[in-house]
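# Structure for the following, please:
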Amino acid sequence: MDIQSFFEEATALYSVQDLVSEHTNMIFILESPHKEEIKSGVPLAGLSGRSMAKELFAVEDSLPMGKLLKQYINESKKTVFGIVNVCPFPLQGAAYPDPPFVNRYRDEIKIAEAVRTSSTKVFKDEVRASFDQLLLSHFESRLTSLIKGNTIIIPCGRFAEKYVNKLSIKENLTIIEGVPHPSYNSWSRARYKDVINKVREEGKKRTS
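This next block holds a predicted model:
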């Protein structure tokens with residue numbers, strides 16, 4: 001098993017780039033890309049992204065969040081929002097379009113999938129701990145280069161929240177906590193109404 005090689009090769013071949021612009025000062029943190037994101041090359045490009053944009057902008061029919069932000073950035077329209085995945089490549093074998101790659105790194109992908117679904121903060125298993133550290137280091141390095149003094153970090157879901165909490169710079173960050181992952185229309189659920197409203201209002205304040 002070669003976790004380092006898998007991490008490097010998956011990063012080189014299947015990374016979906018972080019989506020930010022010079023105006024970005026609210027960054028949504030998500031877990032990792034899946035099939036739709038790999039296909040389109042932008043984060044939050046599928047149903048979760050559509051659900052997120054619908055709730056955030058209160059419009060019924062919207063492009064998925066990632067595609068919408070990409071369009072804004074390409075057209076030089078100002079948007080305060082950005083998207084960063086904790087892991088830039090898929091953590092699930094099913095998301096990879098290349099069966100030989102999946103076959104070659106079958107064991108390593110199982111480790112990635114195990115880390116993805118685990119609620120453990122510190123891994124005792126050496127290989128999982130190694131992958132966890134590569135993930136955290138890569139995430140922190142990317143995020144640190146993107147944040148400014150007034151940036152708000154919004155981890156979406158438990159996985160994103162777990163890795164934001166592991167950051168060595170966490171104490172210096174402004175974080176909106178308790179935001180769910182936007183899958184399964186969770187952003188429209190009554191139990192999350194207050195925190196989603198907080199995100200929406202902060203976005204309006206910074207956009208105006």
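# now the top helix by length along the chain, how far from the centre of its chain.
Longest helix of the chain, by residue count under DSSP state H: helix 126-146. Averaged C-alpha coordinates place helix 126-146 at 13 Å from its chain's average position (C-alpha atoms, centre = their mean, to the nearest Å).
# And it, what's buried?
Buried residues in helix 126-146, counting neighbours by 16 or more other C-beta atoms under 10 Å, are found at 127-128, 130-132, 134-136, 138-140, 142-143. C-betas here are computed from N, CA, C, even on glycine.
# residue ranges for the helices of the chain, please.
Using DSSP H, helices in the chain cover 3-14, 35-40, 47-57, 65-74, 99-104, 106-117, 126-146, 158-166, 193-207.
# And these: which comes nearest residue 29?
Each of the helices of the chain has some distance to residue 29 by C-beta to C-beta; the shortest is helix 158-166, at 4.2 Å.
# So what's the gap between that closest one and the chain middle?
Counting by C-alpha atoms, centre = their mean, helix 158-166 comes out at 10 Å from the chain centroid.
# Okay, angle between it and helix 106-117 too, please.
80 degrees (axes from the mean of the first three to the mean of the last three C-alpha atoms, to 10 degrees).
# for helix 158-166, packing partners?
Packing contacts for helix 158-166, counted by 3 or more C-beta pairs under 8 Å, 6 or more residues apart in numbering; DSSP states H and E, involve strand 26-30, helix 126-146, strand 152-155.
# Throw these into CSV and include distance to residue 115, thanks.
Listed next are these as CSV, based on distance: least, C-beta to C-beta, whole Å:
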stretch, distance to residue 115
strand 26-30, 16
helix 126-146, 5
strand 152-155, 16
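# Reformat these as JSON lines; add distance to residue 119 and mean pLDDT.
Converted to JSON lines, the helices and strands packed on helix 158-166 look like this (distance: least, C-beta to C-beta, whole Å; pLDDT from 0 to 100):
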{"stretch": "strand 26-30", "distance to residue 119": "17", "mean pLDDT": "97"}
{"stretch": "helix 126-146", "distance to residue 119": "13", "mean pLDDT": "96"}
{"stretch": "strand 152-155", "distance to residue 119": "15", "mean pLDDT": "97"}
